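> model the structure of this input:
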Amino acid sequence: MPSATWDRFYESYFGDAYMAWHDGLDEAALLSLEGEERDRAEQMLMDALGSGDYRAPAGLAALRSHKSLDALKQKLPHASGPDEVQTALAIWRIDPKYLPAANTLVRVLRTAPDWGTRMEAARALREAPTPSAIDALWEAVERDPEDLVRHHAATTLLYVYNIHRDLFDSHPLTIEVMMEDAERREKAKRELRELVEREGRLEGD
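Modelled structure (predicted):
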């Protein structure tokens, strides 16, 4: 009989997609699986890679599944939307030297027609702060027409520059860059750049 933890994992990753989006994926349940259940979950997620459901690569990313790396890389050129973001992020988490994954997130942030997908790319780039990613994040803060994309791009910049890492408490400037008032928004952008120049520090600096 499957464990209660298995049931939680299955419902989150293979149950109702809306509820998974609304409540967030139960990564804790997945990571708590052991032995045969963990192996079975990994295989099921790999088998689901062709479905276009973002939950499959997200689960493999959580597992840091080296077994799935080749399949994820083969899938990446054919993925789209949130599935593309999660596939690229999964590859980067498993193999953080694979630049095509980071470059995919950059391209999605710059060009995806759906603002929600651009927002998810901005969030994902916290984990892949390559020079081109940082350029794309600044571009998003400056020019993206969607306020939430600007907000998350600014949040990611403050995160990667080690200025503000509390993702549950927004820095005031990440709120100000969302404003409809152009003067307030432009002032916030200038102050954000000044803050990064004054206090920013990348890992390894």
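
> okay, CA-based contacts and neighbour counts for the rest of this
Will do.

> quick one, grab the pLDDT at the residue most central in space within the chain.
What sits nearest the mean C-alpha location of the chain, by C-alpha atoms, centre = their mean, is Ala124, with 2.5 Å. Per-residue pLDDT puts Ala124 at 97.

> check contacts around it.
Contact analysis of Ala124 by C-alpha atoms under 8 Å, 6 or more residues apart in numbering lists 85, 89, 105.

> can you name the next helix or strand after the host helix or strand of it?
Ala124 belongs to helix 115-124 when assigned by DSSP states H and E. Helices and strands here follow DSSP H and E; after helix 115-124, the next one along the chain is helix 131-143.

> which residues are contacting the lowest-mean-pLDDT helix or strand in the chain?
Sorted by mean pLDDT, DSSP states H and E, the helices and strands of the chain end with helix 17-23, the least confident at a mean of 90. With contact meaning C-alpha under 8 Å, 6+ apart, helix 17-23 is reached by 12-13.

> burial check on Tyr24, number of neighbours?
For residue 24 the amino acid is Gly, not Tyr. 12 (other C-alpha atoms under 10 Å).

> over to Glu139?
Neighbours around Glu139, by other C-alpha under 10 Å: 15.

> repeat for the one 3 residues further on
Glu142 has 17 neighbours, counted by other C-alpha under 10 Å.

> give me the distance between it and Ser12.
36 Å (C-alpha to C-alpha, to the nearest Å).
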